[in-house]
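**Student:** Have a look at this prediction, sequence included:
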Protein chains: 4
Amino acid sequence: MNDKRHSGSANHSPDIRRRVSNRIIGFSDGVFAIAITLLVLTINVPSNLTSSEDVSGFLWQALPQLVVYAAAFMVIGTFWLRHHRMLMLCRAVDGRVLVLNLVFLAFVSLLPFPTDLLGNVQTPTTVIAFCAVAGAATLCEIGLWRHLHRHRELLLPDLSQERVASLTMWRLGALGVYIIPLLVSLFFPKIAVLLMLALLPLYEMVFHRRFLRHIDLLYLLHDD
Amino acid sequence: MNDKRHSGSANHSPDIRRRVSNRIIGFSDGVFAIAITLLVLTINVPSNLTSSEDVSGFLWQALPQLVVYAAAFMVIGTFWLRHHRMLMLCRAVDGRVLVLNLVFLAFVSLLPFPTDLLGNVQTPTTVIAFCAVAGAATLCEIGLWRHLHRHRELLLPDLSQERVASLTMWRLGALGVYIIPLLVSLFFPKIAVLLMLALLPLYEMVFHRRFLRHIDLLYLLHDD
Amino acid sequence: MNDKRHSGSANHSPDIRRRVSNRIIGFSDGVFAIAITLLVLTINVPSNLTSSEDVSGFLWQALPQLVVYAAAFMVIGTFWLRHHRMLMLCRAVDGRVLVLNLVFLAFVSLLPFPTDLLGNVQTPTTVIAFCAVAGAATLCEIGLWRHLHRHRELLLPDLSQERVASLTMWRLGALGVYIIPLLVSLFFPKIAVLLMLALLPLYEMVFHRRFLRHIDLLYLLHDD
Amino acid sequence: MNDKRHSGSANHSPDIRRRVSNRIIGFSDGVFAIAITLLVLTINVPSNLTSSEDVSGFLWQALPQLVVYAAAFMVIGTFWLRHHRMLMLCRAVDGRVLVLNLVFLAFVSLLPFPTDLLGNVQTPTTVIAFCAVAGAATLCEIGLWRHLHRHRELLLPDLSQERVASLTMWRLGALGVYIIPLLVSLFFPKIAVLLMLALLPLYEMVFHRRFLRHIDLLYLLHDD
């Protein structure tokens, strides 16, 4: 890897230093991986189980927690997939991306907390708490994407304007995935959890079929 | 690392973008590392220990938890080794691999939960819970491998058909490692745990001797 | 990556081996990512919540814990940003940097402990505990930076002396961010937490505007 | 990175495949980073603290836990430093290194468990439990190093025989660091903890001064 320093282009007169660093990727992957793995700690295991019946009874009771685990894993997994896809389109990041990314990660790594609440009791309040944190993370992601496509020197040069627009749409639509269960939860909180479990993969699938179908991405693991 | 974009080959007409990215490896390694390290939290330490006798008594009681820790560490460790070996044969991954890999990781990172149960009480139900999660992860791994060898452009070009077949066999056989303790646990749950501890390394060793002996892999840490 | 061995320059006569390794970055990023994600575990979720009112009541009570979570996330995030920036200016690290970095990380990864205390009860003692650990980490960071700029062969050769001085100032000033809330906490502990939440981003912003404005950093994700 | 396949040298007749992979490093760094950060969870924070006096009283009581945290952080940190140094001398790893490394990591990531015990109560039993796990990890490390220097094609070609011998000595001596506190703990368990805290850095420092002084290592972060 070479350090390349250019003495600055027209609109960035003073002194722009360009260096190769992908620590933002390593650190973000670490936070995603830990937040997603800490979800398992939200399933409380009582220490006073003794017989096979106790365990069966507990597993039956823990069923909502397992469903919530699946939903939360999917939510964080989708954030990772979208983050992965966003940074694949980036050529470089600046200091502001680092800061916005930290705020985004703060909401992602807060998710195990409302997940824990939601696993214990499914009321409107807990669904709202979960959707609020997931929605705030989505808002940060939209802010991050907005900063990137407003500073086109950060994105790959061959990215078409329609592509940028459809990716903006994709992120705005993802916000809806958290608003609908939030509204449903006011009347049927338990159904809202199942809705979230169904809505997220459905949305991603339909959107990919409609708007991103013609773009098939292959990620090479090594460069030959 | 160079970004290489080809305008598409015969069978992928529209627009295939090829980019170098190994975030799937970094993220998966993170999840594996955390899931395997969270296992230690399944050993409950009481806070009311005061004398040396208390500690000895507790350590004696914690023995099954330590055995279960060893078994679960081996299970996740083996998943990592097989995942490592699978991705070493890959040239590239597509979007579906990313999604299948996330589902696989969801089961791997769920493993500390049945491990916790199994450490507390060894009944048929807990052995079944553990084997079911480990078996589901193995099924996902088989699905991942099936997707890869059906899309041969994702695998390295010099991989022989027999090699692919023997690796498929290896993964199907690994499913048996979780079915046998499951059946034994219906009658002797405590023996099923020990069986799992013995069966997994035995299977890996025998299989390597018989089918993979002639292939000796060296992983270079740097490319000279 | 090539291993390069030079037979030694003038002031390091015997045998200096130069090898490429960025494990210090991978390991540090891991510790930062885990410490920052463990913060969410400092928010205690009671398991006896049943109704929607219980949850609302609990969320209201948990508000100080959420504020403390935000403050601690910002503190560790800022440590990461500064660590990132420090190592971007490094050309190489020696054995002593590895050891100093470990001591620095020991304080960073201890931070979830005073965060937990501070979330539970806001008294002068807990604010002091938090500020003491964060201040100790800052001191280690200053020590690390001092070692680096005293061994200029470790830093990039084109780094100007004024730049080094302003970065030293930046780190010394960061110590003040923990001393001021510590003093305020003796009289108004709750305000001290809010002060920390406000002071840290304010300091970073003002300092960047004044001293680092003319240097705009772009981190390339790949080298083209 | 290039995939290089050689059709096999004299003593490895059938089919040796050489591929570039440093997942062993990424995964190990992950496990080290998590094990070292989980140590903070061994400090139990009671949730019934209300006044400033409660907190002071608790902090005073938690002092042994903080000392044990420091000792355990140093132990895992030293394992990381030695692991880092070992793999820096490696040119490649084979399948057996992956397996031995997993067994080594199993003991490293078990360390938070005896650390938790040792923080709660300082009796001979808990010191023995801690030293036994740390000693077992050291034995695995010795086994790993033995496998490497018996298969010299895995090590860098320019490594002198004396260097290999002194590194073997270094690892055998490190075993003593855990045997001495173990013996002392039979009579003065509290002193044994402090001894461990002092002995480990002392040993590393003295050994480096005497045997490794003439070798000064510089780790380049990028290859220019």
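**Tutor:** Ah, there it is. Numbers count the residues shown, from 1 in each chain, chains lettered A, B, ... in the order given.
**Student:** Helix or strand: which one has A:Trp60?
**Tutor:** Under the criterion of DSSP states H and E, A:Trp60 resides in helix A:52-61.
**Student:** Pull the residues that contact that helix.
**Tutor:** A:Val45, A:Pro46, A:Asn48, A:Leu49, B:Leu117, B:Val121, B:Thr123, B:Pro124, B:Thr125, B:Thr126, B:Ala129 (C-beta atoms under 8 Å, 6 or more residues apart in numbering or on different chains). Where you see a C-beta, it was placed from the backbone N, CA and C, and this is true even at glycine.
**Student:** Save these as JSON lines, and put in distance to chain D and secondary structure too.
**Tutor:** Converted to JSON lines, these look like this (distance: C-beta to the nearest C-beta, whole Å; DSSP: H, G, I helix; E, B strand; the rest coil):
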{"residue": "A:Val45", "distance to chain D": "16", "secondary structure": "coil"}
{"residue": "A:Pro46", "distance to chain D": "18", "secondary structure": "coil"}
{"residue": "A:Asn48", "distance to chain D": "20", "secondary structure": "coil"}
{"residue": "A:Leu49", "distance to chain D": "21", "secondary structure": "coil"}
{"residue": "B:Leu117", "distance to chain D": "18", "secondary structure": "helix"}
{"residue": "B:Val121", "distance to chain D": "19", "secondary structure": "coil"}
{"residue": "B:Thr123", "distance to chain D": "24", "secondary structure": "coil"}
{"residue": "B:Pro124", "distance to chain D": "27", "secondary structure": "helix"}
{"residue": "B:Thr125", "distance to chain D": "25", "secondary structure": "helix"}
{"residue": "B:Thr126", "distance to chain D": "20", "secondary structure": "helix"}
{"residue": "B:Ala129", "distance to chain D": "22", "secondary structure": "helix"}
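**Student:** and of these, the nearest to chain C?
**Tutor:** Set against chain C, the nearest of the contacts of helix A:52-61 by C-beta to the nearest C-beta is A:Pro46 (9.2 Å).
**Student:** Can you tell me the closest non-neighbouring residue to the closest one?
**Tutor:** Nearest in space to A:Pro46, with sequence neighbours left out and distances taken as C-beta to C-beta, 6 or more residues apart in numbering or on different chains, is A:Phe58 at 6.5 Å.
**Student:** how much space is there between that neighbour and D:Ile43?
**Tutor:** Distance, A:Phe58 to D:Ile43, by C-beta to C-beta, to the nearest Å: 29 Å.
**Student:** Tell me which of those two has more neighbours.
**Tutor:** Shown here are A:Phe58 and D:Ile43; by other C-beta atoms under 10 Å in any protein chain shown, D:Ile43 has more neighbours (20 against 16).
**Student:** Spatially, what comes nearest to A:Val164 if we skip its sequence neighbours?
**Tutor:** In this structure, A:Val164 finds its nearest non-sequential neighbour in A:His149, 5.0 Å apart by C-beta to C-beta, 6+ apart.
**Student:** Report all helices and strands that the helix or strand hosting that neighbour contacts.
**Tutor:** A:His149 belongs to helix A:124-150 when assigned by DSSP H and E. On a contact count with 3 or more C-beta pairs under 8 Å, 6 or more residues apart in numbering or on different chains; DSSP states H and E, helix A:124-150 meets helix A:63-88, helix A:95-108, helix A:112-120, helix A:161-185, helix A:189-211, helix C:52-61.
**Student:** Highest mean neighbour count out of these?
**Tutor:** The highest mean neighbour count among the helices and strands packed on helix A:124-150, using mean count of other C-beta atoms under 10 Å in any protein chain shown, belongs to helix A:112-120: a mean of 26.
**Student:** what's the pLDDT at the residue nearest the centre of chain A?
**Tutor:** Nearest to the geometric centre of chain A sits A:Phe79, at 1.6 Å (C-alpha atoms, centre = their mean). A:Phe79 is assigned a pLDDT of 93 by the prediction.
**Student:** Setting the sequence-adjacent residues aside, check what's closest to it.
**Tutor:** A:Val108 (5.7 Å).
**Student:** So the one you found is in contact with A:Val31, correct?
**Tutor:** Yes: using C-beta atoms under 8 Å, A:Val108 is in contact with A:Val31, at 6.7 Å.
**Student:** Quickly list what's touching both of the two.
**Tutor:** With contacts taken as C-beta under 8 Å, 6+ apart, A:Val108 and A:Val31 have no neighbour in common.
**Student:** that older thread, take the helices and strands packed on helix A:124-150 and write them to TSV, including distance to A:Tyr219.
**Tutor:** As requested, the helices and strands packed on helix A:124-150 are arranged in TSV below (distance: least, C-beta to C-beta, whole Å):
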stretch	distance to A:Tyr219
helix A:63-88	8
helix A:95-108	20
helix A:112-120	28
helix A:161-185	17
helix A:189-211	16
helix C:52-61	41
